[in-house]
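Novice: compute the structure for the input listed below.
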Amino acid sequence: MNGAAGIYTVTFTITGIKGTDSEIKTDYITALEITNIETSTSVNELKIYPNPARRSCTITTSMKESGNMKIIVYNSQGQVVKIPYNGYMSADEDDFEMDISDLSNGLYFISLSTDSFYTLQKLLIIE
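Specialist: Predicted coordinates for the structure are as follows:
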C-alpha cells in the first residue's frame, strides 16, 4: 500500500546498550513518497475519556487478538513521564483505568503499542 505525500508527526524509538528511549519530534517531516505501509487489524481504535481529564481517565481499545501491549505517557516536551501498562492484554480486556493525579496540568500524549500496532492520542489534564 502506498501513502500520500504530506507532512507527518514522527516518534523515534532508539534501542541501544543503555536501553530503549522514545522521543516525539515536534518538528515535521515532509514525505515525498511512502511505501510499504502495513495496516493492522489487532486494534481497531483507541479512545481516551474524559478528555480533558482531572484525576483519572479511561483508555478503551478494541483489540481483536490477545498480545503484548504498552501504554506510555509523554509530556509536551516528548519526555516519558509514566508507563501505566506494559504487559499482556487479552482480547476481551478493552478498558484500562489510568490514574493521572500525579501529573501536572498540561498537554500530554498517550501512546499505545502492540506487536503490530502503534497509535498516539492527545490528553489534556486540567485541575
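Novice: switch to C-alpha atoms for all contacts and neighbour counts from now on
Specialist: Fine.
Novice: with adjacent residues omitted, what lies nearest to residue 88?
Specialist: Excluding the flanking residues, the one nearest residue 88 by Cα to Cα, 6 or more residues apart in numbering is residue 68, at 4.3 Å.
Novice: span of stretch 60-71 from start to end?
Specialist: 12 Å (Cα to Cα, to the nearest Å).
Novice: let me know the helix or strand that residue 71 is in.
Specialist: Taking DSSP states H and E as the definition, residue 71 sits inside strand 67-74.
Novice: list of residues touching that strand?
Specialist: The contact list for strand 67-74 (Cα atoms under 8 Å, 6 or more residues apart in numbering) reads 80-91, 108-115.
Novice: are any of those buried, and if so which?
Specialist: Buried members of these, scored by 16 or more other Cα atoms under 10 Å, are 80, 85, 89, 108-114.
Novice: lowest-confidence helix or strand of this protein?
Specialist: Sorted by mean pLDDT, DSSP states H and E, the helices and strands of the chain end with strand 29-31, the least confident at a mean of 56.
Novice: before we move on, back to that, out of the contacts of strand 67-74, name the ones that lie in strands.
Specialist: Those of those mapping onto strands are 80-89, 108-114, per DSSP state E.
Novice: just to revisit the earlier point, how about the strand holding residue 71: buried residues?
Specialist: For strand 67-74, burial by neighbour count (16+ other Cα under 10 Å) applies to 69-74.
Novice: what about the helices in the protein?
Specialist: In the chain, no helices are found when defined by DSSP state H.
Novice: any regions of it where pLDDT drops low?
Specialist: Counting by pLDDT under 70, the chain shows low-confidence ranges at 1-45, 92-93.
Novice: hang on, residue 59 packs against residue 48?
Specialist: Yes: between residue 59 and residue 48 there is a contact under Cα atoms under 8 Å: 4.7 Å.
Novice: farthest-separated two in the buried ones among the contacts of strand 67-74?
Specialist: Longest distance between any two of the buried ones among the contacts of strand 67-74 is 23.3 Å, between 89 and 108; criterion Cα to Cα.
Novice: isn't residue 49 right up against residue 95?
Specialist: No: taking Cα under 8 Å as the definition, residue 49 is not a contact partner of residue 95, at 10.7 Å.
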